[in-house]
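Participant: I would like to see how this sequence folds:
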Amino acid sequence: MYSMVYVSSATKPMAKDELVELLGVAAERNSPKGITGLLLYKDGNFMQMLEGDEQAVTALYRQIVLDPRHRGAIVLLKGESDAREFPDWSMGFRDLKSPELESHPGFSEFLNTPLTAREFEAHPGRAKTLLRMFKEKM
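Facilitator: Okay, here's the model as predicted:
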């Protein structure tokens, strides 16, 4: 199993309906390729984990980099994994700015961390911690 975590910045703020549409298209395209993962969005920034066959994941990432809706993609982590983190999610999603998130019993201030390379480059493992936290508590 191969996984990759990257961050990028939206070229313009995305409305909730745009994000929902993006998620639907991603899930539809990723499922037949055996790619699972999670997309987080907050304050115009994305963090995404992709997992699956290495060739499929790297090919998808090359397509993602060309998407005009974002810029500045930086890979934080990549490599082999023992197992999928998100085996049942063709592409999970959460807008970390949604008001219901802060009232959730599993909310942590760590979720307020900006999704930027600057925040995660020194300690890229924190990106996986954030993604796992969403999976387990949300």
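Participant: make it CA atoms for all contacts and neighbour counts henceforth
Facilitator: Will do.
Participant: Now do the helices in the protein.
Facilitator: 16-30, 54-66, 99-102, 117-120, 125-137 (DSSP state H).
Participant: The longest one to helix 54-66, inter-axis angle?
Facilitator: Yep, that's helix 16-30 we're talking about. In terms of direction (axes from the mean of the first three to the mean of the last three CA atoms, to 10 degrees), helix 16-30 departs from helix 54-66 by 150 degrees.
Participant: which secondary structure elements does helix 16-30 contact?
Facilitator: Judged by 3 or more CA pairs under 8 Å, 6 or more residues apart in numbering; DSSP states H and E, helix 16-30 has no packing partners among the helices and strands.
Participant: one more time with 10 Å, if that's ok
Facilitator: Under the contact criterion of 3 or more CA pairs under 10 Å, 6 or more residues apart in numbering; DSSP states H and E, helix 16-30 touches strand 36-42, strand 45-52, helix 54-66, strand 92-95.
Participant: quick one: S3 and G37 touch, right?
Facilitator: Yes - contact status for S3 versus G37: in contact at 8.8 Å, counting by CA atoms under 10 Å.
Participant: which neighbours do these two share?
Facilitator: Here S3 and G37 have M49, L50, E51, G52, R84, E85 as joint contacts, going by CA atoms under 10 Å, 6 or more residues apart in numbering.
Participant: Confidence-wise, which of these comes last?
Facilitator: For the shared contacts of S3 and G37, the minimum pLDDT belongs to E85; the value there is 84.
Participant: Surely that residue and I35 touch.
Facilitator: No - using CA under 10 Å, E85 and I35 do not qualify as a contacting pair, with a distance of 11.4 Å.
Participant: Looking at those two, which is more packed in?
Facilitator: Neighbours were counted for E85 and for I35 using other CA atoms under 10 Å; I35 has more, 27 against 19.
Participant: How about the more buried one: what's its closest non-neighbour residue?
Facilitator: G52 (4.8 Å; CA to CA, 6 or more residues apart in numbering).
Participant: and that neighbour, what is it in contact with?
Facilitator: 1-4, 30, 33-37, 58, 80-81, 83-84, 87.
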